[in-house]
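A.B. asks: Turn this into a structure:
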Amino acid sequence: MLTSHSLYRELINNCGYLASLEEAIDDVNDLLGIQPENNLAKQLLIQLQDRVKILSPCSNDVTTPIANKQEKMRMPWLEGPVP
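C.D. replies: All right, here's what the predicted structure looks like:
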């Protein structure tokens, strides 16, 4: 039987989609809102935030929306005139 903890661990270890990880962060934050002393949820939150930081090359601030992170990225080689 899979537990929620094992499912979150699998997500943390295998997921490369920032949006999915950020949704999981929101879910864990919701849980902590009603169970603020849940140590397992606190650990999962830290691990999820660390994973987002690893996958976010533009910023270490996990609260910044993904769209804003992408807008901050400049790709000068794409800004010039097209031949």
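A.B. asks: Quick one: low-confidence residue ranges for the protein.
C.D. replies: Residue ranges of the chain with pLDDT under 70: 1-2, 58-83.
A.B. asks: run the last query once more with 80
C.D. replies: 1-2, 57-83 (pLDDT under 80).
A.B. asks: What are the contacting residues of the helix or strand hosting Lys42?
C.D. replies: Using DSSP states H and E, Lys42 sits within helix 39-55. Residues from elsewhere that reach helix 39-55, judged by CB atoms under 8 Å, 6 or more residues apart in numbering: 5, 8-9, 11-12, 15-16, 18, 21-22, 24-25, 28-29, 31-32, 35, 60, 62. For glycine as for every other residue, the C-beta is placed from the backbone atoms N, C-alpha and C.
A.B. asks: mind redoing it with 6 Å?
C.D. replies: Around helix 39-55, the neighbours that count as contacts under CB atoms under 6 Å, 6 or more residues apart in numbering are 8, 12, 18, 21, 24-25, 28, 31-32, 60, 62.
A.B. asks: In helices, which of those residues appear?
C.D. replies: 8, 12, 18, 21, 24-25, 28, 31-32 (DSSP state H).
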